[in-house]
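Enquirer: Next one to model:
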Amino acid sequence: MTDTDTTGQEEQGLPPIVMQGQYIKDLSFEVPNSPEIFRKMSGSPDIPISVDVKARQLGGNVFEVVLHFNIEGKVDDETAFILELAYGGVVQVNPAEPDHTQPLLLIEAPRLMFPFARNLIADITRDGGFPPLMLQPIDFVALYRLRALEAMQASQQADA
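Expert: Below is the predicted model of the structure:
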């Protein structure tokens, strides 16, 4: 027996994050210049990728986390394909400390969801007639820090 308080989440044996479900929230894939674009392709298209993470509270300690991907493949400055994916997950967080909630939602949940979204993107590009796009792992810690810095700078500019 111990005299310590065992009411904290860690002592109760609850994991800090529980994925309750994952799903495609929104998906769009376009090949606006088909079929001509396939004749112009001699290799892989240039592919700039934009990634963002959003979270919103559904109730209590349950949240929706959404990974947003905007991907545009180009061949000789001509659009080969446009892929937009919003991949969502319902997440229950049980942080040991209240200030751990945001990192769990914007770093850990996306890290758990990413392999499934990556697989979808590879399948969609392959099924669309292009080489499968295998995204490199994303550093969600760096993305979180970048977004926090951008928010802080925007706040400082608004105060000035």
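
Enquirer: so where do the helices sit in the protein?
Expert: Ranges of helices in the chain, per DSSP state H, are 36-40, 101-103, 109-127, 140-159.

Enquirer: Nearest to residue 26, out of these?
Expert: helix 109-127 (12.0 Å; CB to CB). Quick note: C-beta positions are derived from backbone N, CA and C, even for glycine.

Enquirer: in that closest one, what counts as buried?
Expert: Buried positions in helix 109-127, judged by neighbour count with 16 or more other CB atoms under 10 Å: 109, 110, 113, 114, 116, 117, 118, 120, 121, 124, 125.

Enquirer: What is it packed up against?
Expert: In terms of contacts (3 or more CB pairs under 8 Å, 6 or more residues apart in numbering; DSSP states H and E), helix 109-127 is packed against strand 17-30, strand 62-75, strand 78-93, helix 140-159.

Enquirer: now with 6 Å?
Expert: If contacts are counted by 3 or more CB pairs under 6 Å, 6 or more residues apart in numbering; DSSP states H and E, helix 109-127 sits against strand 17-30, strand 62-75, strand 78-93.

Enquirer: Relative to residue 68, which of the helices of the chain is closest?
Expert: Of all the helices of the chain, it is helix 109-127 that lies closest to residue 68, at 9.9 Å by CB to CB.

Enquirer: So what's the gap between the closest one and the chain middle?
Expert: The chain centre lies 9 Å from the centre of helix 109-127; the measure is CA atoms, centre = their mean, to the nearest Å.
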